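# I'll drop the sequence and a predicted model, then ask my questions.
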Amino acid sequence: MASVDVRTIVSLLREYAQRTALRGGNPYRAKAYARAADSLAALAVPLDVLIAEDRLTEIPGVGEGIADVIAKLHETGTHPRLEKLRKEIPEGVLEMLAVPGLRPEKALRLYKDLGITSLAELEAAAKDDRIKRAKGLGAALQTKILQNLAIAKSGEGRLHLHRAAALLSHAKDSLRKARPELKRVTIAGDFRRGCELVGDLTIVAEAAKIEKAANASAADGLQIRLSDRNHFGAALLFGTGSAAHIERLQALAAEKGMRLESDGLHKGRTLIGGDEAQIYSALDLPFIDPELREGRGEVELAQKGKLPKLVTDKDLRGILHCHTDASDGTETLETMAKATRQRGFEYFGVADHSKSAHYAGGLSVEEIAQQHREADRLNKRFGKDFRILKGIESDILADGSLDYPDEVLERFDFVVASIHGRFKLDLKAQTQRLLRAISNPHTTIIGHMTGRQLQRRPGYEIDIEKVLRACAKHDVAVEINAHPWRLDLDWRWHQTALDFGCILSINPDAHSIPELDHMHWGVQMARKGGVPADRVLNAMPLPEITRYLRQKRRSFARAA
């Protein structure tokens, strides 16, 4: 029989992962198959070439065992173990695993006890209160299912930024090795626009000679667009999107008697398409950064000369909101600080969990004193060019108070105030909770304001405009939490925050050394939200931020 295509194998691997998860046992085994499927979906080299050359293990996440499964699927379209698993569970049950928070054992219980075999049946059962009444399932699970069904539908097939980055980076490297003659190999699509979730995996490259099918999809999910030198800019523009941005440019071109198509900008007999900047210039526009290209008024701002100068990674001078092994981090204060310094930053803001966060080893008053002594010792060693700033991530209690008294809070250089529980308060109560925390003069930053976790849970109900106005009034920074599962505050609210006069803080919420590099994703979100460097707290150099924090503490002392 003919060999099976990559799209089908990706689907079969994902099915294998889901059925393995439903069977139980080692959860990492199912995750391994799911990751292998993602990697296979972003292949830039034909699968049959990798199989023929015995190179399957070059694919990220593919070891010898999974390589054997892929080869068998490629050859026959199935696998004996997969066929055995298919006899155990109907296909529709697999759909339920897309619902965030619905663990495999609960999905299996819903099937065996209530006979649910699809997302549609799951939604109907939840709305009919059948899940709430079932023993071992209950009201909490039913509420979670109803809440998260929308996430399952909206996030289908989309990847978190860091995962998409890994896949696209490997695809780009593979393409360069397989086609060394290609030039300007560039990642485009959702990722280039800095979208918080990536569904459009696209690479654009310049080729000396273009075959009839210039645009080829190497696998399910990855599109490779090839263009010659004279049309590369147009290919990159259209490969980046968004559709709304392209439509606005096309409308502007028509107003000027031109025509913008996928091969370039037609201006009389002249075709402009070799470079993106040339296309914008011909439309009397400055270059519009990819992150802004969402059809949200960026073309009009460009026409008025009012595009913001977006913050960059190099603008950030220090890192705030990080955890150590004093709470739920993996590294010591010294190790995290040194790693931050090695990355070229001027300060490291430790902000371990506070005493209410028992689940995360929150710090007692005695442990705070111990950490501060250690910070003082290290700061003497670091000298004037680098400093550990003493902070805390203080839990916002249900009534809006922070979980340390004033005499403890005043010991810190800065305080990140965050909600970590009681997410189900109504909009008015949750908003008031945040407003009280913001009005606390010890609060420096509001952490992950809405509490969302992408593709896991929605944010809690708050009046965001009211909260942002309060942050501006009380000079409290709004966090852009850079962890790729959070990316909170959502970029769509950044312009509102700027308009109200807020300052923002790009924080990694790092619990380990590798997570310090999450800062880049926070910068991407800030850029997408139109944030300039002069509105970012940790773009301040060390002397400026220490002066800012000292003045904030002095103003409180005077008021007290």
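Sure, I can see it.
# from what I can see Arg457 touches Asn148, true?
Yes: with contact defined as CB atoms under 8 Å, Arg457 reaches Asn148; the gap is 6.8 Å. Heads up, the C-betas are built off the backbone N, CA and C, glycines and all.
# who's in contact with the helix or strand hosting Gln430?
In the assignment (DSSP states H and E), Gln430 maps to helix 427-439. Contacts with helix 427-439, where a contact means CB atoms under 8 Å, 6 or more residues apart in numbering, come from 396, 398-402, 417, 419, 425, 443, 446, 449, 460-463, 466-467, 470-471, 474, 476.
# one step back: please say which of Arg457 and Asn148 ends up with more neighbours.
Asn148 (20 against 17; other CB atoms under 10 Å).
# and that one, that one's in a strand?
No: going by DSSP: H, G, I helix; E, B strand; the rest coil, the assignment for Asn148 is helix, not a strand.
# Output the below-cut-off pLDDT ranges for the stretch 351-500 of the chain.
For the stretch 351-500 of the chain, no stretch has pLDDT under 70.
# what ranges do the strands span in it?
All strands of the stretch 351-500 of the chain, identified by DSSP state E, counting those that start in this stretch, fall at 387-395, 414-418, 445-446, 477-481.
# Can you list the helices and strands that the second one packs against?
Using 3 or more CB pairs under 8 Å, 6 or more residues apart in numbering; DSSP states H and E as the contact criterion, the secondary-structure elements in contact with strand 414-418 are strand 318-322, strand 347-353, strand 387-395, strand 445-446.
# Adjacent strands (with direction) for the longest one?
Using DSSP bridges, the strands paired with strand 387-395 in its sheet are strand 347-353 (parallel), strand 414-418 (parallel).
# With the shortest one instead?
Sheet pairing of strand 445-446 (DSSP bridges) gives strand 414-418 (parallel), strand 477-481 (parallel).
# In a markdown table: those strands, plus distance to Arg436 and mean neighbour count.
A markdown table is the format used below for the strands paired with strand 445-446 (distance: least, CB to CB, whole Å; neighbours: other CB atoms under 10 Å):
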| stretch | distance to Arg436 | mean neighbour count |
| --- | --- | --- |
| strand 414-418 | 10 | 26 |
| strand 477-481 | 17 | 27 |
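# quick one: which of those strands is nearest Gln551?
strand 414-418 (12.3 Å; CB to CB).
# could I get that closest one in PDB with only the CA atoms?
Coordinates of the C-alpha atoms in strand 414-418 are reproduced here as PDB (Å, rounded to 0.1, in the frame of the first residue of the first chain):
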ATOM      1  CA  PHE A 414       8.800  46.500  46.500                       C
ATOM      2  CA  VAL A 415       5.600  44.500  46.900                       C
ATOM      3  CA  VAL A 416       3.800  42.500  44.200                       C
ATOM      4  CA  ALA A 417       0.200  42.100  45.200                       C
ATOM      5  CA  SER A 418      -1.600  39.100  43.600                       C
END
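# If you count neighbours, what's buried in the helix holding Gln430?
The neighbour-count check on helix 427-439 (16 or more other CB atoms under 10 Å) flags Gln430, Thr431, Gln432, Arg433, Leu434, Leu435, Arg436, Ala437, Ile438 as buried.
# same question, stretch 305-318
So stretch 305-318, judged by 16+ other CB under 10 Å, has buried residues Leu307, Pro308, Leu310, Val311, Asp315, Leu316, Arg317, Gly318.
# got TSV for the residues you listed, with distance to Glu247 too?
TSV is the format used below for the buried residues of stretch 305-318 (distance: CB to CB, whole Å):
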residue	distance to Glu247
Leu307	19
Pro308	22
Leu310	23
Val311	28
Asp315	32
Leu316	34
Arg317	39
Gly318	41
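# The strands paired with strand 387-395 into TSV, with extra columns for distance to Ile368?
Shown next, in TSV, are these (distance: least, CB to CB, whole Å):
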stretch	distance to Ile368
strand 347-353	9
strand 414-418	12
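# Out of these, the one nearest Leu389 is which?
Comparing the strands paired with strand 387-395 by their distance to Leu389 (CB to CB), the top pick is strand 347-353, with 4.3 Å.
# Between strand 318-322 and that closest one, find me the angle.
Note on geometry: by axes from the mean of the first three to the mean of the last three CA atoms, to 10 degrees, strand 347-353 and strand 318-322 are set 10 degrees apart in direction.
# what helices or strands is the helix or strand hosting Leu22 leaning on?
Taking DSSP H and E as the criterion, Leu22 maps to helix 6-23. When contacts are defined as 3+ CB pairs under 8 Å, 6+ apart, helix 6-23 sits against helix 27-41, helix 64-76, helix 80-86, helix 104-114, strand 215-219.
# most tightly surrounded among those?
Sort the helices and strands packed on helix 6-23 by mean neighbour count, taking mean count of other CB atoms under 10 Å, and helix 27-41 sits at the top with a mean of 20.
# How about the contacts made by the most centrally placed residue in the chain?
The residue lying closest to the centre of the chain (CA atoms, centre = their mean) is Pro484, at 3.1 Å. Applying CB under 8 Å, 6+ apart to Pro484 gives the contacts His160, Leu161, His162, Arg163, Leu454, His518, Trp521.
# for Phe238, same thing?
For Phe238, the residues meeting the contact criterion (CB under 8 Å, 6+ apart) are Arg225, Ile246, Ser262.
# can we see that at 10 Å?
Phe238 makes contact with 188, 202, 204, 215, 225, 227, 246, 249, 260-264 under the criterion CB atoms under 10 Å, 6 or more residues apart in numbering.
# Phe386 too?
Neighbouring residues of Phe386 by CB under 10 Å, 6+ apart: Gly318, Ala337, Lys338, Thr340, Arg341, Phe345, Glu346, Tyr347, Phe348, Leu378, Asn379, Leu542.
# tell me the contacts of Glu105?
Neighbour list for Glu105: Ala21, Leu22, Gly24 [criterion: CB under 10 Å, 6+ apart].
# try it again with 8 Å
So Glu105 contacts Gly24 (CB under 8 Å, 6+ apart).
# just Gly268 next, same as before
By CB under 8 Å, 6+ apart, Gly268 has no neighbours at all.
# what's around Leu252, how many residues?
With other CB under 10 Å as criterion, Leu252 counts 18.
# Leu498 now?
When neighbours are counted by other CB under 10 Å, Leu498 registers 20.
# correct me, but it touches Val536?
No: with contact defined as CB under 8 Å, Leu498 does not reach Val536; the gap is 10.7 Å.
# Nearest spatial neighbour of Met96, chain-adjacent residues omitted?
The shortest distance from Met96 to any non-neighbouring residue, by CB to CB, 6 or more residues apart in numbering, is to Ala107 (4.4 Å).
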